[in-house]
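A.B. asks: the following block contains a protein sequence and its predicted model.
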Amino acid sequence: MSHSKNFGTEAARYLLRLLHLVLLEDSPQKIATAWGERHRVLQNGHYRTLNVVRFRAEQAEAWQMPKDIDAEAARAILENNTCDDAPVILGSILEDVYGEDTVEVLTLWVYPRLYALRAGVPPSPKRLHTVLRIGTNILDLTGGQFGFKWLWGSERDYREQFEAPGGLEVCVSLPKLWTDMAEDRPRMNVMYAFLRFTLKVGQDRWLKANGETLEGVIMGEDEDKREDLLEKLRVCAEGVWEERGLW
């Protein structure tokens with residue numbers, strides 16, 4: 001598939017929007033309270049004063065954020081601890097966007113610029129973070145949890161900005177990630193596998209019914225058509241969450 005110059009960026013924006021719509025349907029929570037703190041953290045031999053978003057959450061029928069929370073804090077909470085799950089959930093669509101056997105899942109150490117933490121959890125100087133490597137580029141769909149304003153760009157630039165050097169890293173294929181999911185949450189693994197399948201089927205049916213290609217939707221000028229596909233996939237995710245009790 002031949003891509004135009006801006007395809008990587010446009011695809012990243014589309015995938016981020018899709019991920020957020022799916023996360024809002026997955027394990028919805030009510031953020032009862034959220035507040036900001038400032039902490040001094042030792043990173044790479046230097047003390048830095050960083051923002052910490054503290055929050056308390058409870059299970060709910062739909063995601064609820066405090067009305068006065070700013071966009072950066074809300075994104076950090078929504079994406080909190082989702083970097084390993086995002087490639088599992090969107091795996092089949094990622095392959096459709098970038099091609100099979102081209103997407104690798106890279107886990108490396110990074111220096112956060114922001115922390116989203118529950119009350120009482122101390123901020124650690126560095127954190128393990130999972131991103132996607134496509135050729136020489138990095139796609140980071142969940143970097144907002146650390147205050148990263150990055151979606152798509154060269155791996156070299158990403159490492160220069162965020163990597164905490166000296167730590168071990170792991171890189172695996174997407175299919176291997178699907179088969180190596182954490183064994184301590186079998187019901188969640190089943191749900192995510194079914195969600196990945198359902199999103200793929202929903203996408204393919206919509207594309208066929210509308211005579212479209214995924215690249216055409218991502219790169220096209222018809223915003224309404226793009227929103228229609230995203231809404232179709234959101235409904236798919238909603239249905240998976242509602243059926244969870246049957247498993």
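C.D. replies: Received the coordinates, thanks. Quantities reported herein were computed from a predicted structural model and do not represent experimental measurements. Numbering: from 1, shown residues only.

A.B. asks: and the lowest-mean-pLDDT helix or strand in the chain, what does it pack onto?
C.D. replies: Of all helical and strand segments in the chain, the minimum by mean pLDDT, DSSP states H and E falls on helix 174-179, at a mean of 82. Contacting helix 174-179 under the criterion 3 or more CB pairs under 8 Å, 6 or more residues apart in numbering; DSSP states H and E are the following elements: helix 85-89, helix 91-98, strand 103-110. For glycine as for every other residue, the C-beta is placed from the backbone atoms N, C-alpha and C.

A.B. asks: which residues are contacting that helix?
C.D. replies: 87-88, 91, 94-95, 103-105, 193, 196 (CB atoms under 8 Å, 6 or more residues apart in numbering).

A.B. asks: got the contact list for the longest helix along the chain?
C.D. replies: Identified as the longest helix of the chain according to DSSP state H is helix 186-210. Contacts to helix 186-210, defined as CB under 8 Å, 6+ apart, come from residues 22, 26, 85, 88-93, 96, 178, 181-182, 212-214, 217, 225, 228-229, 232-233, 235-237, 239-241, 244, 247.

A.B. asks: now which of those would you call buried?
C.D. replies: Neighbour-count burial (16 or more other CB atoms under 10 Å) is assigned, among the contacts of helix 186-210, to 22, 26, 85, 88-93, 96, 178, 181, 212, 214, 217, 229, 232-233, 236-237, 240.

A.B. asks: distance from stretch 7-23 to the middle of the chain?
C.D. replies: Relative to its parent chain, stretch 7-23 has a centroid offset of 9 Å by CA atoms, centre = their mean, to the nearest Å.

A.B. asks: now that stretch: buried residues?
C.D. replies: Applying 16+ other CB under 10 Å to stretch 7-23 flags 7-8, 10-12, 14-16, 18-23 as buried.

A.B. asks: and for stretch 206-226?
C.D. replies: 206-207, 212, 214-215, 217-219, 226.

A.B. asks: which of those residues sit farthest apart?
C.D. replies: 206 and 219 (16.5 Å; CB to CB).

A.B. asks: does the nearest residue to residue 32 once chain neighbours are set aside belong to a helix, a strand or coil?
C.D. replies: In space, and not counting its chain neighbours, residue 32 is closest to residue 56: 4.8 Å by CB to CB, 6 or more residues apart in numbering. Secondary structure state of residue 56, per DSSP: H, G, I helix; E, B strand; the rest coil, is strand.

A.B. asks: quick check: beta-bridge partners of residue 56?
C.D. replies: Listed by DSSP bridges, the beta-bridge partners for residue 56 are residue 33.

A.B. asks: who's in contact with it?
C.D. replies: 31-34, 118-119.

A.B. asks: let me have the buried residues of stretch 7-23 in JSON lines, adding secondary structure and distance to residue 114 as columns.
C.D. replies: Listed next are those as JSON lines, based on DSSP: H, G, I helix; E, B strand; the rest coil; distance: CB to CB, whole Å:
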{"residue": "7", "secondary structure": "helix", "distance to residue 114": "29"}
{"residue": "8", "secondary structure": "helix", "distance to residue 114": "25"}
{"residue": "10", "secondary structure": "helix", "distance to residue 114": "26"}
{"residue": "11", "secondary structure": "helix", "distance to residue 114": "25"}
{"residue": "12", "secondary structure": "helix", "distance to residue 114": "20"}
{"residue": "14", "secondary structure": "helix", "distance to residue 114": "24"}
{"residue": "15", "secondary structure": "helix", "distance to residue 114": "21"}
{"residue": "16", "secondary structure": "helix", "distance to residue 114": "17"}
{"residue": "18", "secondary structure": "helix", "distance to residue 114": "23"}
{"residue": "19", "secondary structure": "helix", "distance to residue 114": "18"}
{"residue": "20", "secondary structure": "helix", "distance to residue 114": "17"}
{"residue": "21", "secondary structure": "helix", "distance to residue 114": "22"}
{"residue": "22", "secondary structure": "helix", "distance to residue 114": "22"}
{"residue": "23", "secondary structure": "helix", "distance to residue 114": "18"}
